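Colleague: Need coordinates for the following:
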Amino acid sequence: MQSKISKYLSQPAPVNERPWLSVLLCVGIVIFILAIFEPFNFKLNSLGQVWVLVGFAVLTMFVTTIAFVLFPKIFKRFYNPDKWTIGKSLLNNVFFLIIMGIGVVCYDYFIVMKQLPEYFPMGFLVDLFAALTIGIVPLSIITIITQNSALKRNLNSSKEINQILSERIKTSTKEDDLISLNGSTKESISIKPEDILYIESEGNYVNVHYRQGDKATYKQLRSTIKQMEESLKNYSMFIRCHRAFIVNINHISSTQGNAQGYQLTLSNVHQEIPVSRTYLKNLKDALH
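Modeller: Model (predicted):
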């Protein structure tokens, strides 16, 4: 059960590419909910309450700017688009709700209630609950918009790549051309470049997947994906498509896109090869 949860949380997640739009959307939704539905005893019946509403809007803008704009610029490694997962996305949303809750409590206690003793504990609990329930609404809408936008973009890119695949002329090598791939130990493999299907990084090792007759097999070498990329740089059919994968584009049969990204299907290979956004342009250029 734990491994299934871990596997699910480690799956790629679509990246929010329009953070400022998310900020404005959150502010608009909060204003709409408070002004129209007047939840949690909030009444928009005086000029003072209008200013309270303005204060909540400013607070929402401040918190969402931190969560969606500022933090991704400061903590670039954590928010790396190629390593963005469902788990990180959920963690970011939880963080947003926490700082939103803290902000609402401080704003209500110090500004609206003016530090009245009767604020605790009921007012404190109501504010936390309000921040949680109201905050979930814009988060859910932003998640849906981000997923639909990523799905549309990835489907269009996949369609474009499949069109290129149907029209391209495959590169070839000499029949007797062999390449030697070496690890840091005595392990090595000499193979025709066209027989290599893909190379996958696995910790301190790489798995070289290749054709042997009609079957696909692999050999493990103690090396890095960067070293393999250097060894294959003179062969135009090999392209880095992901931080952990090098693929022989001559064996690509199709590509698929969904909200999580792109996957390549190779001839006679069951595993789908991921394509990260960082390397997508390189793949397209190579196929052209």
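
Colleague: contacts, neighbours, all on C-alpha from now
Modeller: Will do.

Colleague: could you pull out the strands for this structure?
Modeller: Under the criterion DSSP state E, strands of the chain are mapped to 179-182, 188-191, 196-202, 205-212, 215-221, 238-242, 245-248, 252-258, 261-266, 273-275.

Colleague: closest to Asn92 out of those?
Modeller: Asn92 sits nearest to strand 261-266 of all those, at 19.7 Å, using CA to CA.

Colleague: So in that sheet, which strands flank the closest one, and in what orientation?
Modeller: Partner strands and pairing direction for strand 261-266 (DSSP bridges) are strand 252-258 (antiparallel), strand 273-275 (antiparallel).

Colleague: right, so the ones you listed: which one is the most enclosed?
Modeller: Scoring the strands paired with strand 261-266 by mean neighbour count under mean count of other CA atoms under 10 Å gives strand 273-275 as the most buried, with a mean of 23.

Colleague: pLDDT averaged over that one, what's the number?
Modeller: For strand 273-275, mean pLDDT rounds to 93.

Colleague: Against Gln147, how distant is Val126?
Modeller: For Val126, the distance to Gln147 equals 32 Å [CA to CA, to the nearest Å].

Colleague: When those two are compared, which one has more neighbours?
Modeller: Gln147 (19 against 16; other CA atoms under 10 Å).

Colleague: nearest spatial neighbour of that one, skipping sequence neighbours?
Modeller: Nearest residue to Gln147, sequence neighbours excluded (CA to CA, 6 or more residues apart in numbering): Ala259, at 5.4 Å.

Colleague: residue contacts, that neighbour?
Modeller: Ala13, Pro14, Gln147, Asn148, Ser149, Ala150, Leu151, Lys152, Asn154 (CA atoms under 8 Å, 6 or more residues apart in numbering).

Colleague: Surely the last one and Thr255 touch.
Modeller: Yep, that's Asn154 we're talking about. No: taking CA atoms under 8 Å as the definition, Asn154 is not a contact partner of Thr255, at 10.1 Å.

Colleague: what touches both of those two?
Modeller: Listed as contacting both Asn154 and Thr255 by CA under 8 Å, 6+ apart are Tyr262.

Colleague: Pull up the gap between Gly87 and Pro72, please.
Modeller: Computed as CA to CA, the Gly87 to Pro72 distance reads 16 Å.

Colleague: can you tell me which residues contact Gln115?
Modeller: Tyr109.

Colleague: got a list of what Asp214 touches?
Modeller: Counted by CA under 8 Å, 6+ apart, Asp214 has zero contacts.

Colleague: does Arg168 really touch Ala286, like I thought?
Modeller: No: counting by CA under 8 Å, Arg168 does not reach Ala286; the two are 10.2 Å apart.

Colleague: rewinding a little: nearest to Ser267, of the strands paired with strand 261-266?
Modeller: strand 252-258 (5.8 Å).

Colleague: Run the chain-centre distance for the closest one.
Modeller: Mean C-alpha position of strand 252-258 versus that of the full chain (CA atoms, centre = their mean, to the nearest Å) differs by 18 Å.

Colleague: same deal with stretch 65-82?
Modeller: Counting by CA atoms, centre = their mean, stretch 65-82 is centred 12 Å from the centre of its parent chain.

Colleague: Over to stretch 219-238?
Modeller: Counting by CA atoms, centre = their mean, stretch 219-238 comes out at 26 Å from the chain centroid.

Colleague: and Ile246, how many neighbours does it have?
Modeller: Neighbours of Ile246 using other CA under 10 Å come to 24.

Colleague: I'd guessed Lys83 sits against Gln11; true?
Modeller: No: using CA under 8 Å, Lys83 is not in contact with Gln11; the gap is 9.3 Å.

Colleague: Run through the stretch 51-200 of the chain and note the low-pLDDT ranges.
Modeller: For the stretch 51-200 of the chain, the stretches with pLDDT under 70 are 171-176.

Colleague: And the helices in it?
Modeller: 71-74, 86-107, 122-167 (DSSP state H, counting those that start in this stretch).

Colleague: With distance to Asn282 as new columns, can these be given to me in a markdown table?
Modeller: Below are the helices of the stretch 51-200 of the chain laid out as a markdown table (distance: least, CA to CA, whole Å):
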| stretch | distance to Asn282 |
| --- | --- |
| helix 71-74 | 25 |
| helix 86-107 | 26 |
| helix 122-167 | 12 |
